[in-house]
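Peer 1: Got a sequence here, can you model it:
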Amino acid sequence: MKKKLSILFALVLAVSLMVIPAATASAEDLLEGSFVCEQDGWLFVHLEGTPYQVGYQNGYLAAESANYWLISYVGTEGAEDERATAEVIWPLIPEEYQDEIDGIVAGLHARGYTNWDRWDVVAANAWADMGTYEGGCSAFAATGDATTDGQIVLGHITMSGKAGDFMYYVMFDVTPDEGYRFRYQSAGASMWSGQDWYLNETGLIVAETSLHNSVRDPSGTPLFVRIRQALQYADSIDGVIDTLLQNNNGAYPNEWLIGDAKTGEICSLMLGCNAWDINRTFNGFYPSCNYPYYENFRIEAGYDWPAPDPPTSTRAVRWIELIDQYYGEIDVEVGKLFFEDDIISSYGLTARSGGYDGKVSSTDMVLDDMSMWARWGNPAGKPFDLEAYVEERGPEWEAANPEYIANLGRYVERTPQPWTILMEEGYQDRVNTAVELIAGVLPAIISIDAAPASLDFGMLVAGDTSAEKLITVQNTGSVDVEVTGTSTTIFWERSLFLDATLLGNWSVNIERSTAGGVSAEVRVPSDWTPGIETGLLILWAEMA
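Peer 2: I've put the predicted structure just below:
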């Protein structure tokens with residue numbers, strides 16, 4: 001497993017910091033406490049602070065994913081119908097989440113994505129409240145005598161269009177000013193999952209699979225608000241149910257699976273608009289696969305016959321077979337096996353079929369800092385053969401769908417990946433250690449002159465205070481920097497800037513020597529001159 005932890009701090013490149021619009025705090029203040037960790041295809045993003053801070057950090061640190069996500073839901077120019085609906089939805093959003101949305105916009109703008117505004121972000125977050133979801137998922141919850149040790153085991157995979165969902169590789173870890181700390185899988189700029197995988201520090205694990213039911217109440221609270229409130233403020237299954245039912249607008253009908261590690265109880269909530277079915281147990285197994293098992297939901301959704309027994313769904317039948325085979329033997333390893341099953345994951349050579357992620361957690365894991373087993377890409381580790389997929393459709397289709405193919409390529413670039421633990425025990429201690437190391441070697445700006453410009457600053461290798469090296473970046477050409485000495489634990493990897501257009505297309509290339517050193521080549525465009533802006537340098541601390 002390869003893990004890299006990025007610690008962010010700002011370097012003043014001129015006489016003042018950029019002031020974020022509509023905020024009095026500097027970028028440094030707004031980013032305080034946040035960090036990013038890349039791990040086996042996942043982007044683990046820690047957010048903390050006030051709602052505006054949490055939003056700013058989201059938009060800033062996950063900006064690339066956010067930009068693709070917004071394009072997916074509102075287009076490159078914005079969708080006028082969706083934006084108009086967003087204005088209607090806005091009064092239904094609590095003030096704290098309005099502030100968070102405005103923070104997301106500010107974070108995106110600070111990273112140079114100035115084409116997005118409040119209504120774009122609201123519309124994208126409200127996608128499930130505006131229409132019918134056509135994807136699919138598989139999930140399960142097991143507890144008591146169904147598992148090896150009586151603990152809860154709960155898991156989920158998402159099955160939808162890979163070209164439209166390739167940006168959902170972000171795992172957010174949020175410590176809000178109010179409420180409980182929680183985690184959710186999503187894309188940048190999203191304040192809820194959308195892939196519907198959540199954990200919170202009280203021991204709750206929540207997942208879902210969607211269903212079809214057209215009954216709606218437009219005056220109700222948007223779904224993305226209710227599920228976010230449930231994970232941020234609820235500490236029990238009752239709390240989650242009450243929040244989802246309160247002022248329910250009926251959007252995104254589905255079967256919610258909820259586990260409470262404190263009690264060992266699991267629950268299935270099949271939720272329509274005015275009808276729902278609740279099943280709870282301390283001993284048993286609930287499979288979920290976009291199949292309407294229960295009577296109240298079926299009646300409201302327009303099914304005029306009882307659910308067939310045995311079910312007609314291929315996946316539902318397969319779940320019965322797996323339950324018979326593994327009942328009493330289920331743990332997280334068996335949970336992973338469930339999702340590696342081709343029927344449960346609907347595997348096939350299409351852009352839509354086949355799970356493109358996997359997540360499994362348990363009582364011990366969620367109570368141990370909300371950790372989980374997670375896999376980005378096909379749950380069985382099977383690669384998506386883009387070349388064969390395109391070839392099968394022919395040259396005319398290929399010529400007519402360049403962006404679609406490019407998006408599939410973006411999915412392929414990050415997959416397949418192994419199962420990995422997000423995050424392992426003690427990761428926060430490693431973060432704190434890295435922060436202390438960075439604070440101790442924070443480079444000072446020695447000089448910055450008018451063109452021809454140069455920027456000089458020192459860098460220390462952690463654990464070797466004698467290995468100070470000077471990095472000089474000229475405004476023309478490039479410079480090689482060799483960092484030698486003891487085993488390097490902190491080094492240059494890349495540069496990001498609050499506004500990339502101000503500084504131009506800087507690039508950093510890293511190569512490691514066999515002796516354990518690092519060579520960094522920094523290239524700066526010949527026409528670059530310093531201005532009043534803030535650059536953001538990311539130092540990566542590699543963890544064993």
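Peer 1: Show me the shaky parts of this structure.
Peer 2: For the chain, the stretches with pLDDT under 70 are 1-25, 76-78, 132-135, 347-353, 424-544.
Peer 1: Can you give me the domain assignment for it?
Peer 2: Here the domain parsing of the chain from automatic domain parsing is 3-127, 137-167+182-420, 445-542.
Peer 1: now those domains as a markdown table including mean neighbour count and distance to Asp173?
Peer 2: Using the backbone N, CA and C atoms, a C-beta is placed for each residue, glycine as well. As requested, the domains of the chain are exported to a markdown table (neighbours: other Cβ atoms under 10 Å; distance: least, Cβ to Cβ, whole Å):
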| stretch | mean neighbour count | distance to Asp173 |
| --- | --- | --- |
| domain 3-127 | 20 | 5 |
| domain 137-167+182-420 | 20 | 5 |
| domain 445-542 | 15 | 17 |
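Peer 1: Shouldn't Glu255 be within a strand?
Peer 2: Yes. With DSSP: H, G, I helix; E, B strand; the rest coil as the criterion, Glu255 is located in a strand.
Peer 1: who touches it in this structure?
Peer 2: Glu255 makes contacts with 208-209, 211, 268-271, 288, 293, as judged by Cβ atoms under 8 Å, 6 or more residues apart in numbering.
Peer 1: Show me what it bridges to in the sheet.
Peer 2: Under DSSP bridges, the beta-bridge partners of Glu255 are Thr209, Met270.
Peer 1: One more: the one 10 residues further on?
Peer 2: Under the criterion DSSP bridges, Glu265 forms beta bridges with Asp260.
Peer 1: Correct me if wrong: it contacts Ile278.
Peer 2: No. Checked against Cβ atoms under 8 Å, the pair Glu265 and Ile278 is beyond contact range at 11.9 Å.
Peer 1: who touches both of the two?
Peer 2: Common contacts of Glu265 and Ile278, defined by Cβ under 8 Å, 6+ apart, are absent altogether.
Peer 1: Could you save the domains of the chain as JSON lines and add columns showing distance to Thr175?
Peer 2: Output for the domains of the chain, formatted as JSON lines (distance: least, Cβ to Cβ, whole Å):
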{"stretch": "domain 3-127", "distance to Thr175": "4"}
{"stretch": "domain 137-167+182-420", "distance to Thr175": "9"}
{"stretch": "domain 445-542", "distance to Thr175": "20"}
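Peer 1: ok, the one residue sitting closest to the centre of the chain - contacts?
Peer 2: Taking Cα atoms, centre = their mean, the centroid of the chain lies closest to Val170, which sits 2.1 Å from it. Residues near Val170 by Cβ under 8 Å, 6+ apart: 42-43, 45, 62, 65, 185-188.
Peer 1: how about these, which pair is most distant?
Peer 2: Trp42 and Gly188 (13.0 Å; Cβ to Cβ).
Peer 1: re earlier: for the residue nearest to the centre of the chain, list each beta-bridge partner.
Peer 2: Leu43, Ser186.
Peer 1: Tell me how far it lies from Thr243.
Peer 2: 24 Å (Cβ to Cβ, to the nearest Å).
Peer 1: cool, and Trp116?
Peer 2: Applying Cβ to Cβ, the value for Trp116 to Thr243 is 29 Å.
Peer 1: Repeat that for Val54.
Peer 2: In this view, Val54 and Thr243 are 19 Å apart by Cβ to Cβ.
Peer 1: again with Ser65
Peer 2: 27 Å.
Peer 1: still on that earlier bit, closest one of the contacts of Glu255 to Asn125?
Peer 2: Nearest to Asn125 among these, with distances taken as Cβ to Cβ, is Glu208, at 16.7 Å.
Peer 1: from memory that closest one sits against Asn290, does it?
Peer 2: No. Contact between Glu208 and Asn290 fails when scored by Cβ under 8 Å: they sit 9.8 Å apart.
Peer 1: where do the contact lists of those two overlap?
Peer 2: Cys137.
Peer 1: what about the helices in the stretch 51-200 of the chain?
Peer 2: 51-61, 63-74, 80-89, 95-110, 118-125, 127-130, 162-165 (DSSP state H, counting those that start in this stretch).
Peer 1: tell me what the third one is packed against?
Peer 2: This points to helix 80-89. Helices and strands touching helix 80-89, by 3 or more Cβ pairs under 8 Å, 6 or more residues apart in numbering; DSSP states H and E, are helix 63-74, helix 118-125, helix 127-130.
Peer 1: by how many degrees do it and helix 95-110 diverge?
Peer 2: Orientation check (axes from the mean of the first three to the mean of the last three Cα atoms, to 10 degrees): helix 80-89 against helix 95-110 gives 140 degrees.
Peer 1: what's the distance between helix 80-89 and the middle of its chain?
Peer 2: 25 Å (Cα atoms, centre = their mean, to the nearest Å).
Peer 1: closest to Pro418 out of the helices and strands packed on helix 80-89?
Peer 2: Pro418 sits nearest to helix 63-74 of all the helices and strands packed on helix 80-89, at 20.9 Å, using Cβ to Cβ.
Peer 1: Mind listing residues that contact the closest one?
Peer 2: 43, 58-59, 79, 82-83, 104, 107-108, 111-113, 116, 120-121, 123-124, 127, 164-170, 187-190, 407, 410.
Peer 1: how about a cut-off of 6 Å?
Peer 2: Here helix 63-74 makes contact (Cβ atoms under 6 Å, 6 or more residues apart in numbering) with 59, 82, 108, 111, 113, 116, 120, 123-124, 127, 164, 167, 170, 187-189.
Peer 1: now the angle from it to helix 80-89?
Peer 2: With the same axes, to 10 degrees defining the directions, helix 63-74 sits at 100 degrees from helix 80-89.
Peer 1: Helix 63-74 vs helix 51-61, what angle?
Peer 2: Using the same axes, to 10 degrees: helix 63-74 against helix 51-61 is 100 degrees.
Peer 1: Dump the C-alpha coordinates for helix 63-74 into PDB.
Peer 2: Only the C-alpha atoms of helix 63-74 are listed here, as PDB (Å, rounded to 0.1, in the frame of the first residue of the first chain):
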ATOM      1  CA  ALA A  63     -11.100  21.100  -6.800                       C
ATOM      2  CA  GLU A  64     -10.200  18.800  -9.700                       C
ATOM      3  CA  SER A  65     -12.800  16.200  -8.800                       C
ATOM      4  CA  ALA A  66     -15.300  19.100  -8.000                       C
ATOM      5  CA  ASN A  67     -14.800  20.600 -11.500                       C
ATOM      6  CA  TYR A  68     -15.500  17.300 -13.300                       C
ATOM      7  CA  TRP A  69     -18.500  16.700 -10.900                       C
ATOM      8  CA  LEU A  70     -20.100  20.100 -11.600                       C
ATOM      9  CA  ILE A  71     -19.600  19.600 -15.400                       C
ATOM     10  CA  SER A  72     -21.300  16.200 -15.100                       C
ATOM     11  CA  TYR A  73     -24.400  17.700 -13.400                       C
ATOM     12  CA  VAL A  74     -24.800  21.200 -14.700                       C
END
